[in-house]
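Student: sharing a model prediction with you, sequence too.
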Amino acid sequence: MNPAELDICPEDPDFDIRLDRHGGVVLLSLRGRLDTVACLILKQYVVNALVSRIPPLLILDLTRLTAIDGCGCDIVSSASQHARAAHGRLIVIDGGVLPGHAVHDIELFPSVADALMELTGFRQ
């Protein structure tokens with residue numbers, strides 16, 4: 001069976017997530033499509049990041065996402081609310097994938113470097 005029969009687009013890579021730590025800051029870099037099963041994977045990473053340090057300091061880099069669905073938007077919004085409730089911060093590097101209605105309660109920064117400088121107090 002060829003990929004065209006499975007409705008797979010080679011331009012849209014599978015979901016991938018990379019976790020890096022920069023001192024007390026957790027950086028999650030996402031790539032591909034954030035939908036369905038990928039949301040479950042992201043949720044596990046986000047929950048672990050939010051409870052691994054109090055207050056939580058988390059950066060979500062969405063610049064390499066090709067798509068995000070409502071579930072993905074809900075996870076980002078919920079994570080932002082939970083980080084604030086724990087006196088921490090979640091900063092999102094969007095890259096234009098988030099719909100306008102999804103960014104009203106999310107702290108956006110233009111780059112990972114800017115977000116790291118904000119959360120760590122110095123350039124990486």
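Tutor: Okay, I see it.

Student: list of residues touching the longest strand along the chain?
Tutor: If you go by DSSP state E, the chain has its longest strand at strand 57-68. Around strand 57-68, the neighbours that count as contacts under Cβ atoms under 8 Å, 6 or more residues apart in numbering are 11-13, 24-35, 46, 49-50, 76, 79, 83, 88-95, 97-98, 112, 115-116, 119. Where C-beta positions appear, they are placed from N, C-alpha and C, glycine not excepted.

Student: go on, stretch 105-120?
Tutor: By Cβ under 8 Å, 6+ apart, stretch 105-120 touches 22-25, 27, 29, 57, 59, 61, 76-77, 80-81, 89-94, 98, 123-124.

Student: now do the same for the most centrally placed residue in the chain: its pLDDT.
Tutor: The centre of the chain sits closest to residue 60, judged by Cα atoms, centre = their mean, with a distance of 3.2 Å. Residue 60 is assigned 97 on the pLDDT scale.

Student: so it bridges to which residues?
Tutor: residue 28, residue 92 (DSSP bridges).

Student: returning to that earlier point: I'd like the next helix or strand past the longest strand of the chain.
Tutor: helix 70-85 (DSSP states H and E).

Student: which of the contacts of strand 57-68 fall in helices?
Tutor: 46, 49, 50, 76, 79, 83, 112, 115, 116, 119 (DSSP state H).

Student: the first one reaches residue 30, doesn't it?
Tutor: No - Residue 46 sits out of contact with residue 30 when judged by Cβ atoms under 8 Å, with a separation of 10.7 Å.

Student: run a quick neighbour tally on residue 14.
Tutor: 10 (other Cβ atoms under 10 Å).

Student: that one: what's it in contact with?
Tutor: Going by Cβ under 8 Å, 6+ apart, the list of residues near residue 14 reads 32, 33.
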